[in-house]
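Visitor: Quick one, fold the following:
(chains A, B and C)
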Amino acid sequence: MSNIHLLEIHTPGQGLHEITGRVAQLVGQSSNAEGLCTLFIQHTSASLLIQENADPTARRDLELWLNRLVPEQGAHFSHSLEGPDDMPAHIKSALTTSNLSIPYTGHRLLLGRWQGIFLWEHRAKPHRRSVVVHLG
Amino acid sequence: MSNIHLLEIHTPGQGLHEITGRVAQLVGQSSNAEGLCTLFIQHTSASLLIQENADPTARRDLELWLNRLVPEQGAHFSHSLEGPDDMPAHIKSALTTSNLSIPYTGHRLLLGRWQGIFLWEHRAKPHRRSVVVHLG
Amino acid sequence: MSNIHLLEIHTPGQGLHEITGRVAQLVGQSSNAEGLCTLFIQHTSASLLIQENADPTARRDLELWLNRLVPEQGAHFSHSLEGPDDMPAHIKSALTTSNLSIPYTGHRLLLGRWQGIFLWEHRAKPHRRSVVVHLG
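Guide: Numbering: from 1, shown residues only, chains lettered A, B, ... in the order given. The predicted structure is shown next:
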């Protein structure tokens, strides 16, 4: 069995979408019980994030704050062919991250008690996103 | 000997706390002389950072700048039960990173001449933080 | 053959400089066809980034936006001995990242269709930068 997997994730639109369960499932079925789980998102208008998965208000505040920091209007972007949400999506992606690495042992991710893994969709419309998972 | 270690770090409050020495010690004692050292912080209100470890004014300027970007007041956060510094801590954590990967050889981290590894405490009060270290 | 390589990159000044080709070449010559490629930049005034490599206007908009977020003037930095672009460079480096991890298979990086690997030079003048590449 290969150490590399591809997760396909359908996002309903802008926001944080938890993928902890899907990653944990791959780690649970891994041939090696201990190692490093690395996620890489194959897009530049969505990103990956470790955040609190307990209180949804924390995620909502985070989303609103980033939308205020990188507004669609008023920035006079040249790259606007794909719509007003495209260039802010690239910027938000650059400010967060394209890859995460989380150690695991006993077939379980060593996440903190309140941590979840999220795909952060920065485009307004639904998208199909690909995340490569490497278990090494 | 396992490739996974847990560092427990006591932070005196908000700010950058250097942990280079503690990580270097683990790499020095590793069973493999060459590999990749990955750090993962098990919290979402503190983060990890590679920064200059020579001039402390650079770190102070960095902290002040981020505090101005993400102020405690005026943002009307919904998630405020744990105090006014909690939601800014989550945002600062999202803007920096939860994990770092640094190659090593000859039992030494391949850091640049002026680079140090820092735990960035974003909460005001002292905390006990856990950082998982994977040597692969 | 070692799994660790050092890329030396000459940057002409501030901006995004694509290094996808040089990283792909190392992966192409790697002793293992499948694995994880990790890049680590040995500097704190330049950073690494995955971004769109198709339309140059997206990169230009990104650079201009970050320059507005972290301007050289008006922030009253204490750390200014190396010039007005030095402290903003440290901040920009902290907001982006020092390391990237990209899985590869069949000696090819699993980048998305429009993704490139960039070294983001944050200093105004030309620099010689070192990026450690670990193939594991």
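
Visitor: what does chain A put close to chain C?
Guide: Selection of chain A residues close to chain C by C-beta under 8 Å from any C-beta of the partner chain yields A:2-4, A:36, A:38, A:40-44, A:69-70, A:75, A:77-79, A:81, A:87, A:90-91, A:93-95, A:97-99, A:101, A:130, A:132, A:134, A:136. Any C-beta I mention is one placed from the backbone N, CA and C, and that applies to glycine too.

Visitor: What residues sit buried inside the helix or strand hosting A:Gln25?
Guide: A:Gln25 belongs to helix A:20-28 when assigned by DSSP states H and E. For helix A:20-28, a neighbour-count test (16 or more other C-beta atoms under 10 Å in any protein chain shown) marks A:Arg22, A:Val23, A:Ala24, A:Leu26, A:Val27 as buried.

Visitor: so what's the residue nearest to the third one when sequence neighbours are not counted up against?
Guide: Pointing back at A:Ala24 there. If you skip the residues right next to it in sequence, A:Ala24 has A:Leu109 as its closest partner in space, 5.8 Å away by C-beta to C-beta, 6 or more residues apart in numbering or on different chains. Residues near A:Leu109 by C-beta atoms under 8 Å, 6 or more residues apart in numbering or on different chains: A:Thr20, A:Val23, A:Ala24, A:Val27, A:Cys37, A:Ile102, A:Pro103.

Visitor: what would those look like in CSV with pLDDT and distance to B:Ile9?
Guide: Output for the contacts of A:Leu109, formatted as CSV (pLDDT from 0 to 100; distance: C-beta to C-beta, whole Å):
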residue, pLDDT, distance to B:Ile9
A:Thr20, 98, 24
A:Val23, 98, 26
A:Ala24, 98, 26
A:Val27, 98, 25
A:Cys37, 98, 23
A:Ile102, 98, 18
A:Pro103, 98, 16
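
Visitor: A:Ser130 and chain B: what is the separation?
Guide: Using C-beta to the nearest C-beta, to the nearest Å, A:Ser130 is found at 21 Å from chain B.

Visitor: if I read this right, that residue contacts A:His10, doesn't it?
Guide: No. The pair A:Ser130 / A:His10 is not scored as a contact, 10.9 Å apart, by C-beta atoms under 8 Å.

Visitor: Those two - which one has more neighbours?
Guide: Here A:Ser130 and A:His10 are compared on neighbour count by other C-beta atoms under 10 Å in any protein chain shown; more neighbours surround A:Ser130, at 16 against 10.

Visitor: neighbouring contacts of the helix or strand containing the more buried one?
Guide: Assigned by DSSP H and E, A:Ser130 belongs to strand A:127-135. Strand A:127-135 is contacted by residues A:3-11, A:19, A:23, A:26-27, A:30, A:32, A:35-43, A:46, A:48, A:104, A:119, A:121, C:35-36, C:101, C:103, C:110, C:112 when judged by C-beta under 8 Å, 6+ apart.

Visitor: Please, a ChimeraX command that selects the buried ones among the residues you listed?
Guide: Burial among those is assessed by 16+ other C-beta under 10 Å; the matching ChimeraX selection reads:
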select /A:3,4,5,7,9,11,19,23,26,27,30,35,36,37,38,39,40,41,42,43,46,48,104,119,121 /C:35,36,101,103,110,112
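
Visitor: out of the contacts of strand A:127-135, who's near chain B?
Guide: For chain B, the contacts drawn from the contacts of strand A:127-135 by C-beta under 8 Å from any C-beta are A:Gly35, A:Leu36, C:Leu36, C:Ser101.

Visitor: I'd say the second one and A:Ser101 touch.
Guide: Looking back up the chat, that one is A:Leu36. Yes. Contact between A:Leu36 and A:Ser101 holds when scored by C-beta under 8 Å: they sit 5.7 Å apart.

Visitor: Give me the common contacts of these two.
Guide: Joint contacts of A:Leu36 and A:Ser101 (C-beta under 8 Å, 6+ apart) are B:Thr38, B:His134.

Visitor: Among the residues of chain A next to chain C, name the ones in strands.
Guide: A:Ile4, A:Leu36, A:Thr38, A:Phe40, A:Ile41, A:Asn99, A:Ser101, A:Ser130, A:Val132, A:His134 (DSSP state E).

Visitor: Now distance to B:Thr57 and pLDDT too, for the residues you listed, in TSV please.
Guide: Shown next, in TSV, are these (distance: C-beta to C-beta, whole Å; pLDDT from 0 to 100):
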residue	distance to B:Thr57	pLDDT
A:Ile4	44	97
A:Leu36	36	97
A:Thr38	35	98
A:Phe40	36	98
A:Ile41	36	98
A:Asn99	31	98
A:Ser101	31	98
A:Ser130	43	98
A:Val132	40	98
A:His134	39	98
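
Visitor: farthest-separated two in those residues?
Guide: Within these, two members stand farthest from each other by C-beta to C-beta: A:Leu36 and A:Ser130, at 20.2 Å.

Visitor: Direction-wise, compare the biggest helix by length in chain A with helix C:56-69 and give the angle.
Guide: Using DSSP state H to define each element, chain A has its longest helix at helix A:56-69. Calculated by axes from the mean of the first three to the mean of the last three C-alpha atoms, to 10 degrees, helix A:56-69 forms an angle of 100 degrees with helix C:56-69.

Visitor: wait, does helix A:56-69 contact chain B?
Guide: Yes. Judged by C-beta under 8 Å from any C-beta, helix A:56-69 comes into contact with chain B at A:Thr57, A:Ala58, A:Arg60, A:Asp61, A:Leu62, A:Trp65, A:Leu66, A:Leu69.
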